[in-house]
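S.K.: show me the folded form of this:
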Amino acid sequence: PKISVKEVFDHSDIIKTSSQMYLFLQCLGNIINYHYERVSKLDYLKKIINHLSNKITELLNQTQLFYIAKNSKLLLLTLIKTRILDIDFFVKYLIRLCPNSNLAYYLTPEFKEYSDKHTNQLDSSVQEFFSSKEIIYNSQDEGDNSDDEENNDYEIVHENLFEMLHIDMDEYIELREKGENTSIFTKQIQEDNFEDFNILMEKNGMKINKRIDFQIYDSHDYPLFKNTMPSIFEYAAYNGSLEICKYLTLQNANYESQSWLYAIHGRNAEIIHLLEEHGIECKYSEAFLYAIKCHNNNFAEYIHGQSSDDSLLIQGIIECISSYNFLYLKTLLSIIESDDDQKLSKSELIEKFIKCGYSNTVDHIIKTKQNENKPEELIEFAIEANNSNLIEILFENSTEFTIKWVEKAIEQDHFDALKILLEKFVFVVMSFRL
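M.R.: Model prediction:
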């Protein structure tokens, strides 16, 4: 029988703390970004967020939600749509902390609504952000833009934030919800529809090494090389479209070592073997880490086995932490613990745990005295991460305080960290006076 999202979460006690909810949503966002079958997972994403909405707002503040949402466009949209994430807060925080982010264009409807609502309240820095925002996009049309022509490069185009793309606003919102590329031939590639794809190629006279066009509502996080969009072969590999990959190979399409990354995402072992048969070099470290990022643990195992390089395991642990790949992290840690030749830096490990928000894990490491760093060093990492929860945990194990921490929080505009630091500062001053 099919188990509903409600049954999974109502009959389990897997999320009880702020740290657990933070890690769960980060993991969810990462899977939506990099998982091959993400299209079929989007409905589940919305159901999960809807079901957990009250618990999310109970356990997480808006700053924590900002750091989660800014890394996953589709999760961001879901949090905004369910009103879990306050759009005014997100806009102001994005302008202040991530002024170079293209999320401003992605969120054009929301930014327009924000601007209309606060027309008389926009300060000069916000107005400047709106008027000078940059967006990088591929200016080519559906014709040829193959590598052998100079006009394939991206162009940086300055546009006013409130000038919409060349489509209707409602149509844009609908396309953004799906998050897929809608170029003339990408649908056929996504479905591995070789016959229709071949007809389109011949009808439009497209070259075999054409690259797909950039579209602002395409929310895939492609492993871009030299800031260029994937070629047709790479896009087919990314979608696991074996028949089209075979056809392009017979047509002598160009592919290089980065094609491995696209094939890893596509989770089609036959495409991996196709690359091997044609002698395409695999950069094992890069491929191993990308497989972990995609939560494609079977391919990560295969690549590690092919490389015979055990030094990859340490790198893999750090990537598991960053990608919230908990299952493979457990596997790699058990391997390292049983191998006397592998030396894992506990200092590097706890620094990564702090920067990625593993509050409960950091608390456990400190309480069990497995930490090699001074508590004061760890507080600096927590300030950089703007993680007030972690700062409080670390202060429980530190008797030191320095005004430099306050200065650092102010310099980085990390107000959540600053609030905790000022409370601690007042406590220190009062204790000194007493």
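S.K.: report the central residue of the chain.
M.R.: When CA atoms, centre = their mean is applied to the chain, the residue found nearest the centroid is residue 71 (4.1 Å).
S.K.: from residue 322, how far out is that residue?
M.R.: 11 Å (CB to CB, to the nearest Å). All C-beta atoms are positioned from the backbone trio N, CA, C, and that covers glycine.
S.K.: same thing with residue 283?
M.R.: Using CB to CB, residue 283 is found at 19 Å from residue 322.
S.K.: next one: residue 248
M.R.: Distance from residue 248 to residue 322, counting by CB to CB: 33 Å.
S.K.: the more surrounded of the two?
M.R.: Higher neighbour count among residue 248 and residue 322: residue 248, with 24 against 16, using other CB atoms under 10 Å.
S.K.: what sits against that one?
M.R.: With contact set as CB atoms under 8 Å, 6 or more residues apart in numbering, residue 248 has these partners: 208, 232-233, 236.
S.K.: any weak-confidence spans in the stretch 51-200 of the chain?
M.R.: Flagging of the stretch 51-200 of the chain using pLDDT under 70 yields the residue ranges 118-167.
S.K.: try 90
M.R.: Scanning the stretch 51-200 of the chain for pLDDT under 90 picks out 51, 71, 87-88, 91-185, 194, 200.
S.K.: show me the strands in it, by range?
M.R.: Using DSSP state E, counting those that start in this stretch, the strands of the stretch 51-200 of the chain run over 134-137, 155-158.
S.K.: tally of neighbours for residue 226?
M.R.: Close neighbours of residue 226, defined as other CB under 10 Å, add up to 7.
S.K.: got it, and the one 4 residues further on?
M.R.: Here the neighbour count serves as a burial measure; for residue 230 (other CB under 10 Å) it reads 22.
S.K.: quick one: it from residue 265, how far?
M.R.: Going from residue 230 to residue 265 by CB to CB gives 10 Å.
S.K.: overlap in contacts of the two?
M.R.: residue 238.
S.K.: packing partners for the longest helix along the chain?
M.R.: The residue-count maximum for a helix in the chain (DSSP state H) belongs to helix 38-59. With contacts taken as 3 or more CB pairs under 8 Å, 6 or more residues apart in numbering; DSSP states H and E, helix 38-59 sits against helix 5-10, helix 18-34, helix 73-81.
S.K.: which of those helices comes out lowest on mean pLDDT?
M.R.: In terms of average pLDDT, helix 5-10 trails the rest of the helices and strands packed on helix 38-59, at a mean of 57.
S.K.: residue 398 contacts residue 380, doesn't it?
M.R.: No. Counting by CB atoms under 8 Å, residue 398 does not reach residue 380; the two are 11.2 Å apart.
S.K.: picking up where we left off before, pull the contacting residues for the residue nearest to the centre of the chain.
M.R.: 26, 29-30, 33.
S.K.: what's the closest of those residues to residue 185?
M.R.: Nearest to residue 185 out of those is residue 33 (CB to CB; 23.6 Å).
S.K.: report how many residues lie close to the nearest residue to that closest one once chain neighbours are set aside.
M.R.: With CB to CB, 6 or more residues apart in numbering as the criterion, residue 33 has its nearest non-adjacent residue at 4.8 Å, and that residue is residue 221. The number of residues packed near residue 221 is 16, by other CB under 10 Å.
S.K.: which SS state does residue 221 fall under?
M.R.: When classified by DSSP: H, G, I helix; E, B strand; the rest coil, residue 221 comes out as coil.
S.K.: quick check: pLDDT value at it.
M.R.: 89.
S.K.: if I look at it, how far off is residue 83?
M.R.: Distance of residue 221 to residue 83, computed by CB to CB: 26 Å.
S.K.: just to revisit the earlier point, for the residue nearest to residue 33, grab phi and psi.
M.R.: Backbone geometry at residue 221, expressed as degrees, to the nearest 10, gives phi -100, psi 80.
S.K.: sorry, back to before: just the buried residues of the contacts of residue 248.
M.R.: Neighbour counting by 16 or more other CB atoms under 10 Å classes 232-233, 236 among those as buried.
S.K.: with pLDDT added, can I get these in JSON lines?
M.R.: Converted to JSON lines, the buried ones among the contacts of residue 248 look like this (pLDDT from 0 to 100):
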{"residue": "232", "pLDDT": "94"}
{"residue": "233", "pLDDT": "95"}
{"residue": "236", "pLDDT": "95"}
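S.K.: next, the angle from the longest helix of the chain to helix 18-34.
M.R.: Using axes from the mean of the first three to the mean of the last three CA atoms, to 10 degrees, the inter-axis angle of helix 38-59 relative to helix 18-34 is 160 degrees.
S.K.: give me the buried positions along stretch 195-204.
M.R.: For stretch 195-204, the neighbour count (16+ other CB under 10 Å) marks 197-198, 200-201 as buried.
S.K.: next up, the contacts around residue 421.
M.R.: Residues in contact with residue 421 (CB under 8 Å, 6+ apart) are 383, 391, 405-406, 409.
S.K.: and it, how far is that from residue 366?
M.R.: Between residue 421 and residue 366 the distance is 19 Å, computed by CB to CB.
S.K.: same thing with residue 273?
M.R.: 47 Å.
S.K.: these two: who's more crowded?
M.R.: Using other CB under 10 Å as the criterion, residue 273 and residue 366 rank with residue 366 on top: 19 against 11.
S.K.: so the more buried one: helix, strand or coil?
M.R.: Judged by three-state DSSP, the three-state class of residue 366 is helix.
S.K.: surely residue 391 and residue 420 touch.
M.R.: Yes. At 4.7 Å, residue 391 counts as touching residue 420 under the criterion of CB under 8 Å.
S.K.: many thanks, have a good one.
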